[in-house]
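In: When you get a sec, could you give me coordinates for this:
(one chain, ligands or ions: 2)
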Amino acid sequence: MSLRLFNSHGRSLQDFKALQTGKVGFYGCGPTVYNYAHIGNMRAYVIDDLITRSLRYLGYEVTHVMNITDVGHLTDDVDSGEDKMLRSAIERNKSVLEIAEFYTEAFFRDTGLLNIQRPTVVCKATEHVQDMIDLIKRIEANGYTYFAGGNLYFDVSKFPSYGDLANLNLDAQQAGARVEVDPNKKNPYDFVLWFTKSKFEDQALQWDSPWGRGYPGWHIECSAMSMKYLGEQFDIHTGGIDHIPVHHTNEIAQSEAATGHKWVNYWLHKEFLVMSNGKMSKSAGNFLTLQSLLDGGYEALDFRYLLVGAHYRSQLTYSTESLDSARASRRSLNDRVLALRVKQGDTSLPAAFSAAAQARLDSFRAAIEDDLSTPRALAELWGALKDSQLSPAEALAVAFNMDRVLGLGLNDLKADSAAVVDPELVAKVESLIAERLAAKKNKDWAAADAIRDQIKSLGVSLEDTPQGTVWKPLGKA
Ligand code: AMP
Ligand code: ZN
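Out: Numbers count the residues shown, from 1 in each chain. Ligands and ions are numbered 1, 2, ... in the order given. Down below sits the predicted model:
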């Protein structure tokens, strides 16, 4: 097998072929730093981390670029509304740059707690305005722009494949169906490349440009910065599914209008995290942050565990129950690793894998290569830890290898002897769980129940989860 990815452009699973052998250029749209990132946003960044880690695991040298939007993102994607940064600064009585700095720091604190590896390049929009101006000049020179009402617009009618990514049917859309129409636009899909006519008297951040003093439209930053760090054509671009119809559609149009050739080869779009009680929204002030989970007594990696267990293209519904269940499974996983550490004793991790261990790793790799199936990869990790054919040292070596992708911090677990479960008990419970599973398979419910009681009599609690039966000694948190 080799890596296959679902390309939103064309909507199909495709074999991944890097532009340059062994190297991947990867751009993922980053945060707008006007408020704390919510746990939905964090899902998007954990997924980008899983993508980078997977590619590195598969042997690619990855350059991962993430932008920080600290200017130009309006409260509406379609050029109307206020600048998110400015609004936040006014509300908090701070300067725009103070706001940006504060929330950027908060963002990277969260990503650190979630074991998200720092992208190779983190670039701020405000530090790349000249790159944006240079790119807009190329778009203008190629005849794709018009100036109206003080702003420079991209003319979508000049770009025949506009909307391909989203399968937009431009003719079927009535002007104004999506948003209030800007009277300066020739076509409702046209978008601003450069604003000089600020909606606010006191637009805080402004730059000189050939079109007058002003500030960039939101979309141009991603085109300019990705090309600066990855070249005019690169392999993978990601973002949330919400970015397909406007932000990414506009990024493609302006990038390809500037260069005259294809820009991105694979578009990966990440599904949303939704709340069981409705949509999470930063603008509406209704959202959970990672800090609120920590305040509730969870660890950041409990949340990462929950995310790893869902495929990036599936919507994930968040609830306290789902996080509780992830926490229980993760504790049981950690206990298992710690118990193996005790059993391992002084034996060092093996330098080479046995056939049984290699088979586990092969299945894990196949899961990753199958459009990054992290739920299957997680099941493979559990399988390896439960595999009685593997010696403790070997099971640990396999688990640590897999954790290079999953990022659950297994290798950092400290064998606090008070916390480690007696390996004899682990062996006993594991063999009874296997017997109970066999009884269930044979539909021998009476035997299965009897075994469950026998397990409980050893002083442990049991929970059946989609990843298998999870257990822990009673009285252990
Ligand atoms: P923003 O900081 O608002 O620009 O959003 C940052 C990223 O989070 C974008 O890639 C969005 O697509 C993504 N995003 C926003 N809301 C959610 C959500 N509820 N679940 C998952 N991703 C989201
Ligand atoms: Zn972007």
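
In: got any ranges where this protein has weak pLDDT?
Out: Scanning the chain for pLDDT under 70 picks out 1, 75-80, 170-180, 198-202, 283-285, 415-423, 467, 475-477.

In: near ligand 1, which residues of it show up?
Out: Selection of the chain residues close to ligand 1 by CB under 6 Å from any ligand atom yields 29, 31-32, 40-41, 43-44, 239-240, 242-243, 272-273, 280. C-betas here are computed from N, CA, C, even on glycine.

In: Now list the buried members of those.
Out: For the residues of the chain next to ligand 1, a neighbour count by 16 or more other CB atoms under 10 Å gives the buried set as 29, 31-32, 40-41, 43-44, 239-240, 243, 272-273, 280.

In: so of these, which ones are in helices?
Out: 40-41, 43-44 (DSSP state H).

In: Looking at those residues, spot the one nearest ligand 1.
Out: The shortest approach to ligand 1 among those belongs to Gly40, at 2.4 Å (CB to the nearest ligand atom).

In: Dump the ones in helices among the buried ones among the residues of the chain next to ligand 1 to a markdown table, plus distance to Glu221.
Out: Formatted as a markdown table, these follow (distance: CB to CB, whole Å):
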| residue | distance to Glu221 |
| --- | --- |
| Gly40 | 22 |
| Asn41 | 17 |
| Arg43 | 22 |
| Ala44 | 17 |
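
In: Among the residues you listed, name the ones that also lie close to ligand 2.
Out: For ligand 2, no contacts are drawn from those by CB under 5 Å from the ion.

In: from the residues you listed, which is closest to Ile51?
Out: Nearest to Ile51 among those, counting by CB to CB, is Ala44 at 10.8 Å.

In: ok, the closest one touching His243?
Out: No - using CB atoms under 8 Å, Ala44 is not in contact with His243; the gap is 9.8 Å.

In: What are the phi and psi values at the residue in the stretch 301-450 of the chain positioned nearest to ligand 2?
Out: Relative to ligand 2, the nearest point of the stretch 301-450 of the chain is Tyr312 (17.2 Å; CB to the ion). The phi/psi pair for Tyr312 (degrees, to the nearest 10) reads phi -60, psi -20.

In: what's the burial count for it?
Out: The tally of other residues near Tyr312 (other CB atoms under 10 Å) stands at 23.

In: so who does it touch?
Out: Counting by CB atoms under 8 Å, 6 or more residues apart in numbering, Tyr312 makes contact with 47, 50-51, 268, 270-271, 372, 374.

In: could I get the buried ones among the residues of the chain next to ligand 1 as TSV with distance to Cys123?
Out: Below are these laid out as TSV (distance: CB to CB, whole Å):
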residue	distance to Cys123
Cys29	12
Pro31	12
Thr32	14
Gly40	23
Asn41	18
Arg43	22
Ala44	17
Gly239	16
Gly240	19
His243	18
Phe272	25
Leu273	26
Met280	27
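
In: and which of those is nearest Ala357?
Out: For these, the closest approach to Ala357 (CB to CB) belongs to Arg43, at 31.7 Å.

In: show me the contacts for the nearest residue to Val398 once chain neighbours are set aside.
Out: Nearest non-adjacent residue to Val398, counting by CB to CB, 6 or more residues apart in numbering: Ala384, 4.4 Å away. By CB under 8 Å, 6+ apart, the contact set of Ala384 is 357, 360, 364, 390, 395, 398-399, 402.

In: so of those, which ones are in helices?
Out: Of the contacts of Ala384, the ones assigned to helices by DSSP H are 357, 360, 364, 395, 398-399, 402.

In: Does Thr465 touch Arg330 like I think?
Out: No - checked against CB under 8 Å, the pair Thr465 and Arg330 is beyond contact range at 11.0 Å.

In: More neighbours: those two, which one.
Out: A direct count of neighbours by other CB under 10 Å for Thr465 and Arg330 places Arg330 higher, at 23 against 13.

In: what about the more buried one, distance to Ala397?
Out: 20 Å (CB to CB, to the nearest Å).

In: got it, and Gly81?
Out: Distance, Gly81 to Ala397, using CB to CB: 53 Å.

In: Report how many residues lie close to Leu306.
Out: Using other CB under 10 Å, Leu306 has 25 neighbouring residues.

In: if we can go back for a sec, looking at the contacts of Tyr312, spot the one nearest ligand 1.
Out: Lys270 (6.2 Å).

In: who does the closest one bridge with?
Out: In this entry, Lys270 is beta-bridged to Gly240, by DSSP bridges.

In: One more: Tyr146?
Out: Tyr153.

In: Ile39: what's it in contact with?
Out: So Ile39 contacts 273, 280, 287-290, 293, 303, 318 (CB under 8 Å, 6+ apart).

In: Let me know the closest of the residues you listed to ligand 2.
Out: Among the contacts of Ile39, and counting by CB to the ion, the member closest to ligand 2 is Leu273, at 19.0 Å.

In: OK, contacts around that closest one?
Out: 39-40, 43, 280, 307, 315-318.

In: can you give me the strands for the stretch 151-300 of the chain?
Out: Shown for the stretch 151-300 of the chain, the strands assigned by DSSP state E, counting those that start in this stretch span residues 151-154, 191-195, 215-216, 234-240, 264-270, 273-275.

In: The fifth one near ligand 2 at all?
Out: It stands for strand 264-270. No - using CB under 5 Å from the ion, strand 264-270 never reaches ligand 2; the gap is at least 11.2 Å.

In: Just give the number of residues close to the closest residue to Leu205 other than its chain neighbours.
Out: Closest residue in space to Leu205, ignoring its immediate chain neighbours: Val71 at 5.1 Å, by CB to CB, 6+ apart. Val71 is flanked by 28 other residues according to other CB under 10 Å.

In: what about Val71, which helix or strand?
Out: Assigned by DSSP states H and E, Val71 falls within no helix or strand.

In: wait, it sits on Leu97?
Out: No - judged on CB under 8 Å, Val71 makes no contact with Leu97 at a distance of 9.6 Å.

In: Quickly list what's touching both of these two.
Out: Common contacts of Val71 and Leu97 (CB under 8 Å, 6+ apart): 126, 205.

In: Can you tell me the closest non-neighbouring residue to Asn67?
Out: Nearest residue to Asn67, sequence neighbours excluded (CB to CB, 6+ apart): Gly30, at 4.5 Å.
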